[in-house]
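Trainee: what shape does this take:
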Amino acid sequence: GPTQALHLLLEILRREDSLLYRTLYRDEMLPVFALPWLITWFSHSINDLAQVERLFDFLMCCHPLMVLYVATAIIRHHRSAVLQTGGEYTEIHSLFQALPGSLPLPALLHSAWQCFHRFPPWVAVASANLSREPAFQASSLWIAYPYKYQWRGIR
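Mentor: This is a model prediction of the structure:
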């Protein structure tokens, strides 16, 4: 569920930037600011329709958990601002309430794609000790990708 997805987001961030992870998780609070990102694919946090459309195009063509990697790239893009908060969760939360209208989307998507290939979901799930969670078992829709119907016609 959503809580496990937030734990997985933290695990991906831990692998990508341990200082940023420690700052963000200083008080062992889950990054609930990212929950709307995961649920709406950023459409309630980004006001630029063209960027939302580009994100939707990207996410529809990728692994179902790619949204976590895009979230990681966005958090890393705001690294200096997060570090300046000193881990104060209310400041971090307000920082990510509304993303700026113009994000360097191509660079962020490229970063997410690279991160996905360096640290794929099944490795992240095992590393975060989430493999016993129903949402992350081998048969779940989040992990069993590509789906069987997508293999039809592929030789």
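Trainee: what strand or helix carries the residue most central in space within the chain?
Mentor: Closest residue to the average C-alpha location of the chain: residue 68 at 1.7 Å, with C-alpha atoms, centre = their mean. Secondary-structure assignment from DSSP states H and E places residue 68 in helix 66-77.
Trainee: so residue 111, which of the three states?
Mentor: Three-state assignment for residue 111 (DSSP: H, G, I helix; E, B strand; the rest coil): helix.
Trainee: residue contacts, it?
Mentor: Each residue near residue 111 by C-beta atoms under 8 Å, 6 or more residues apart in numbering is listed here: 73, 76-77. For every residue, glycine as well, the C-beta is placed using N, CA and C.
Trainee: next structured bit after the helix or strand containing residue 38?
Mentor: Secondary structure assignment for residue 38, by DSSP H and E: helix 35-40. Once helix 35-40 ends, the next helix or strand along the chain (criterion: DSSP H and E) is helix 49-60.
Trainee: using neighbour counts, pick out the buried residues of that following helix.
Mentor: 51-52, 54-55, 58-59 (16 or more other C-beta atoms under 10 Å).
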